[in-house]
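**Q** Sequence below, structure please.
(4 chains)
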4 protein chains.
Amino acid sequence: MVVVVEQNASEKDIEGIIRVLHDYGFDVHRSTGVNQTVLGAIGVKPDFDTRQIELLPGVAHVYRITEPYKLASRSFKPENTVLDVRGVKIGGKEIIVMAGPCSVENEKQIFTIAKSVAESGAKFLRGGAFKPRTSPYAFQGMGEEGLKLLRRAADEFGLLVITEVMDRGQIELVEQYTDVIQIGARNMQNYTFLKELGKTSKAVMLKRGLSATFEEWLMSAEYILSGGNKQVALCERGIRTFETATRNTMDISSIPVIHAKSHLPIIADPSHGIGIRDKVIPMTRAAVAAGADGIIVEVHHDPDHALSDGAQSLFPHQFAELMKQIRLIAEAIGRKVA
Amino acid sequence: MVVVVEQNASEKDIEGIIRVLHDYGFDVHRSTGVNQTVLGAIGVKPDFDTRQIELLPGVAHVYRITEPYKLASRSFKPENTVLDVRGVKIGGKEIIVMAGPCSVENEKQIFTIAKSVAESGAKFLRGGAFKPRTSPYAFQGMGEEGLKLLRRAADEFGLLVITEVMDRGQIELVEQYTDVIQIGARNMQNYTFLKELGKTSKAVMLKRGLSATFEEWLMSAEYILSGGNKQVALCERGIRTFETATRNTMDISSIPVIHAKSHLPIIADPSHGIGIRDKVIPMTRAAVAAGADGIIVEVHHDPDHALSDGAQSLFPHQFAELMKQIRLIAEAIGRKVA
Amino acid sequence: MVVVVEQNASEKDIEGIIRVLHDYGFDVHRSTGVNQTVLGAIGVKPDFDTRQIELLPGVAHVYRITEPYKLASRSFKPENTVLDVRGVKIGGKEIIVMAGPCSVENEKQIFTIAKSVAESGAKFLRGGAFKPRTSPYAFQGMGEEGLKLLRRAADEFGLLVITEVMDRGQIELVEQYTDVIQIGARNMQNYTFLKELGKTSKAVMLKRGLSATFEEWLMSAEYILSGGNKQVALCERGIRTFETATRNTMDISSIPVIHAKSHLPIIADPSHGIGIRDKVIPMTRAAVAAGADGIIVEVHHDPDHALSDGAQSLFPHQFAELMKQIRLIAEAIGRKVA
Amino acid sequence: MVVVVEQNASEKDIEGIIRVLHDYGFDVHRSTGVNQTVLGAIGVKPDFDTRQIELLPGVAHVYRITEPYKLASRSFKPENTVLDVRGVKIGGKEIIVMAGPCSVENEKQIFTIAKSVAESGAKFLRGGAFKPRTSPYAFQGMGEEGLKLLRRAADEFGLLVITEVMDRGQIELVEQYTDVIQIGARNMQNYTFLKELGKTSKAVMLKRGLSATFEEWLMSAEYILSGGNKQVALCERGIRTFETATRNTMDISSIPVIHAKSHLPIIADPSHGIGIRDKVIPMTRAAVAAGADGIIVEVHHDPDHALSDGAQSLFPHQFAELMKQIRLIAEAIGRKVA
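**A** As a prediction, this is how the structure comes out:
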């Protein structure tokens, strides 16, 4: 922590600040300039509330000097984390594609879509069985029946499974069917849930909260990592901005910034990121060009009758075409679509 | 739903749109103007995804015409909801004051503070036993031991209890000790949790999410109301804006706007709203002047040694002084502090 | 500037950073802790681009330690600035009320409104002659003719004049008719204009930009102050947030925060802040309760036929009633409406 | 305009609303459903303030059904606008690259950089002579001397010129030296300035405001187009979000969305968009992959000594490498870098 003292602070004030810092257990280094004094306070309290010092007489500013996260940080672990999900690597040189419907709706639907995305080269089948919906009156998902269908469809076509868990009470059930657990944006700071996820043996893909900063997102990853689960990927799915013409604003810049700050892989979700089918395509291309380690895209063979998010689901032929484009872009930047 | 057709749409496009609306079960009324056609689509689908229509050829815009919430809406229930918590009325003419520390820390602390806030006129004792913390390394609350102390301290000084529940798994435990259940901002859209809260017999105070719109906030209240629990109050605790000089930006305008849109009472939390002790005072006054039905304020007898949020906790003498000011302001607008 | 060095930085990196800081002309103080080194860099470059240091190998963070503004800062001038506009004091103990229509429309309109607001106790007549409008097809104001009417109406009823200038080319003209020059939110960072305003002899009321932080707002005030004009007041008029139910989000917290950071007076504009007539009233009360030095409110005798912003204009009888309420609130906090 | 009537509105209220709409000159079409009445109000008032109707008794919602802009809209002009700047086409199949320093600093600097970016394939030389700076104490640009150097350097190496104009008073001067006039983000809603730009014979590149919606941005373009200047391009330069780790948040989604809403070309400015050199590269690639019609990038041969924005300027060898990558990406999506 660095404490900047006000220019006109008295020596008494400065001594008072130093005393309080000592009381809180910090080592204090003082730099006295001509106009201004700066105090370096070194200690072992990553969660210290700096406002306690801001309030003292004579204090101009207080800056925390360490990242509040550690295990998620690239300075703690410089080399990339590469998840190994039953032999498929996430975070390496290859870009992984996850595709499927928003919700599992019935056997025919999920098998049709699974076949089609497998043929185009997806490695994972996505599909929700528990759906977080803004309205209590909306379709809430098929539950365990949906999980069973999802697993069978994936197995049939050689795909892995990724699906959402909404609550710590569902973890045990969903673990039986999925390969990767997906955590939704609205749960990014559900701390009791995050702690539980630190104990699962499954990999976790943690979506970014609607208004989360990079630091908050990495702090949430830290909750899972500190619980003992090192298999964590991040997922950019768009943030809230003032724009209402799109569902969210897909923040492509999170890709290079997270790569600089953290060793964890980052997946892009352009379907939720922009929310309108024809614009999902350019945004997926952009995510790959910016360096995403994977993409997760909604695909539906009959989106007009989808029970949720049909408007942002690609038709299978659009998905096939998109795969061709991103293979070329991956090559242009020295990577490869798995 | 109102569908505005593009100015240059063909008759064939318009007929296509009407056919799709019929397929989805809507009654369609057509208004043909000189330059533009507008379709009114009337039906019973509050959660219909309007993007399904936006994508059709010839569609310029689609507007949902009904609020997605119903039970929370003032047009559904014009008269104010007044909660009755063991005889104390929230949402009536009187303004209710809730006060206490951020966290319950020990017996001496909670009894000292309870005594002091009761003497100044608070009706509720607040205090956290389960704490949502951004960092996994921070103090996470005393748990059940804290609940017991909180209840005993409140009972001793004739106060009611309000405390936070973080997860549906904690409801049953906390219900035994509290009078009102507080739901934190980060849980505002934790839907499995909200559903469970619809079944509790306790009143619920639902905090606004960090970036939630009024509609989303009322939709979350709708989840609780639709589960059968009609004892719901809302709590404004500040939203996120670009400003970093304050913890949050206390949105005083939510008070008159929520009063217009909903019959539910609204409580103001200036401690979290602004986050710095000396500015909590003017913001509390502002909330009362704007028409808040209650305030919840952090008070600590020794904030420098508080385990959480000391910087935003008032000293007991500041709280006493604040009570005097808000009594005068309440009178100026024809209300009264209970 | 404080430079925090990465925990694993080499001594060579640290020496490199120090060398570069010296090259830029800074004095460097080094604090070497067990785990981390912190460098204090002291110099006279308020506008130094700290990213130049952030990019160096071994740098973890850089913090600017001085406010980038000086003349606007309370640490530079601890006592309140009190503007004296022809004997009316803005920024003292008394709260000043400015009222009038959005736009000057014709003689009858401005004289009717001027009479009515004067009778209720306003000190200033507001009214636009040059109107910034989002649409090029909207009413753009009466121009000089409007200024003449505004001045005559104000003089007739013993009021002072405040009106907007949109461009540095209009300053000379408007100065002849107004007592205070109002700068609109969209011009808050029009720097060539701000420089010119440093040279006028009139007081300036600078509105906050739609998404401006407090620091940016004070930097814009600094432009005017550094040009030699010390008669500057700030005006909170609402910021942009995600909420679309109101025109803007009136940020009441700017009042206590600006009072802490700066010696300049702050006026509240609830008409633009919330944008709907019936909610202007509680928001005005809140602004006074929070400590505003003045309020500026739109009033129109026939708002249904106003050429602009009728929906947010109070009827004269509402304004009269509001004046009574704020007199009581001012008293409750030890102030007085002038 | 569509007026949705409240479910419990009386017939008298509905008639009252219709009467007011007629008074304002609208044609009214009424659709009476079982539960709800909807009124279509058709007229020729693009700037009508819909709040005038929202306030009437019985009104639930009002929706404007026409875009407030017309000349900028793709429904008005379906085919792409292609600017022709002395033979270089902006908005066609080819992607145009603009590069150069943030500010013109001296002859040697601008000639060195011009030579290098020309060799790598840029078509335009960028460089500021008038600089909008947050601080009045920062370097404000070389003025006319800088314009002369910029023109000479561009001519020497076969480049076109793009440079910023900050104020309507500077247009006449800058027109003599530049090929395209750049309008900065903080001037996007400087309406007196935009009107003047409608009269210049030069093409204009209009940057997006820091918090501007797509509609507001296109409304500002409308100001220029409606003044008679049809040579307008838009420039995405990043918006403000809650993230503080980057200068701005580059909104890549504006590229496909603007292409859908408007016929005007869109240029991407990743240097301001993200603000840190090494991340400019992936963001430029992403912009091209998303379909940008051009890019504008800061390049400096000695960024450590740049007078402004050195931290976001590429080294010439990085720029050369970037050109290679975007040529490959352009090919992957069926376009070409000019």
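**Q** alpha carbons only for contacts and neighbour counts from here, please
**A** Fine.
**Q** what's the domain layout of chain A?
**A** A:2-63, A:83-337 (automatic domain parsing).
**Q** Between the two ends of the last one, how far is it?
**A** By C-alpha to C-alpha, to the nearest Å, the extent of domain A:83-337 from end to end equals 16 Å.
**Q** cool, and stretch A:256-274?
**A** 19 Å.
**Q** Specify the local secondary structure of the residue in the stretch 101-250 of chain A that chain C sits nearest to.
**A** With C-alpha to the nearest C-alpha as the measure, A:Phe242 is the residue of the stretch 101-250 of chain A nearest to chain C, at 5.7 Å. Classification of A:Phe242 using DSSP: H, G, I helix; E, B strand; the rest coil returns coil.
**Q** contacting residues for it?
**A** A:Phe242 is in contact with C:Thr241, C:Phe242, D:Ser211, D:Ala212, D:Thr213, counting by C-alpha atoms under 8 Å, 6 or more residues apart in numbering or on different chains.
**Q** Let me have those residues in CSV, extended by pLDDT.
**A** Converted to CSV, the contacts of A:Phe242 look like this (pLDDT from 0 to 100):
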residue, pLDDT
C:Thr241, 97
C:Phe242, 96
D:Ser211, 96
D:Ala212, 97
D:Thr213, 96
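**Q** From D:Arg327, how far off is A:Glu321?
**A** Counting by C-alpha to C-alpha, the gap from A:Glu321 to D:Arg327 is 20 Å.
**Q** Up against chain C, what does the stretch 101-250 of chain A have?
**A** Residues of the stretch 101-250 of chain A lying close to chain C by C-alpha under 8 Å from any C-alpha of the partner chain are A:Thr241, A:Phe242.
**Q** all helices of the stretch 101-250 of chain A, in order?
**A** Remark: helices assigned in the stretch 101-250 of chain A by DSSP state H, counting those that start in this stretch are A:107-120, A:144-156, A:171-175, A:191-197, A:214-226.
**Q** near chain D, which residues of chain A show up?
**A** Going by C-alpha under 8 Å from any C-alpha, the residues of chain A near chain D are A:211-214, A:241-245, A:249-253, A:256-257, A:274, A:279, A:282-283, A:285-291, A:325, A:328-329, A:332-333.
**Q** Got a PyMOL select line for the buried ones in the residues you listed?
**A** To isolate the buried ones among the residues of chain A next to chain D in PyMOL, judged by 16 or more other C-alpha atoms under 10 Å in any protein chain shown, type:
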select buried, chain A and resi 211+212+213+214+241+242+243+249+250+251+252+253+256+257+274+279+282+283+285+286+287+288+289+290+291+325+328+329+332+333
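**Q** out of A:Glu321 and D:Arg327, which sits in the busier spot?
**A** D:Arg327 (18 against 12; other C-alpha atoms under 10 Å in any protein chain shown).
**Q** Got the phi and psi for A:Arg86?
**A** phi 50, psi 50 (degrees, to the nearest 10).
**Q** for A:His61, helix, strand, or coil?
**A** Assignment for A:His61 (three-state DSSP): strand.
**Q** before we move on, back to that, redo the helices of the stretch 101-250 of chain A as JSON lines? Include distance to D:Ala185.
**A** Output for the helices of the stretch 101-250 of chain A, formatted as JSON lines (distance: least, C-alpha to C-alpha, whole Å):
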{"stretch": "helix A:107-120", "distance to D:Ala185": "42"}
{"stretch": "helix A:144-156", "distance to D:Ala185": "48"}
{"stretch": "helix A:171-175", "distance to D:Ala185": "47"}
{"stretch": "helix A:191-197", "distance to D:Ala185": "39"}
{"stretch": "helix A:214-226", "distance to D:Ala185": "25"}
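**Q** and those helices, which is most packed in?
**A** helix A:214-226 (a mean of 24; mean count of other C-alpha atoms under 10 Å in any protein chain shown).
**Q** Spatially, what comes nearest to A:Ile276 if we skip its sequence neighbours?
**A** Nearest non-adjacent residue to A:Ile276, counting by C-alpha to C-alpha, 6 or more residues apart in numbering or on different chains: A:Gln312, 4.6 Å away.
**Q** Quick check, A:Pro192 in contact with B:Met166.
**A** That one is not Pro; residue A:192 is Thr. Yes - between A:Thr192 and B:Met166 there is a contact under C-alpha atoms under 8 Å: 7.3 Å.
**Q** Surely A:His29 is in a helix?
**A** No - applying three-state DSSP, one finds A:His29 to be strand, outside a helix.
**Q** By proximity to chain D, which residue of chain A wins?
**A** For chain A, C-alpha to the nearest C-alpha, closest residue to chain D: A:Ala286, 4.0 Å.
**Q** For the residue of the stretch 151-300 of chain A found nearest chain B, give me its contacts.
**A** Taking C-alpha to the nearest C-alpha, chain B has its nearest neighbour within the stretch 151-300 of chain A at A:Tyr223, 5.5 Å off. Counting by C-alpha under 8 Å, 6+ apart, A:Tyr223 touches A:Tyr191, A:Leu194, A:Lys195, A:Gly198, B:Ser135, B:Pro136.
**Q** A:Pro265 now?
**A** Here A:Pro265 is in contact with A:Asn80, A:Thr81, A:Val82, A:Ile90, A:Gly91, A:Val232, A:Ala233, A:Leu234, A:His259, A:Asp293 (C-alpha under 8 Å, 6+ apart).
**Q** Point out the ones among these that are inside helices.
**A** A:His259 (DSSP state H).
**Q** Can you lay out the contacts of A:Pro265 as TSV showing pLDDT?
**A** Compiled in TSV, the contacts of A:Pro265 are given as follows (pLDDT from 0 to 100):
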residue	pLDDT
A:Asn80	97
A:Thr81	98
A:Val82	98
A:Ile90	98
A:Gly91	98
A:Val232	98
A:Ala233	98
A:Leu234	98
A:His259	97
A:Asp293	98
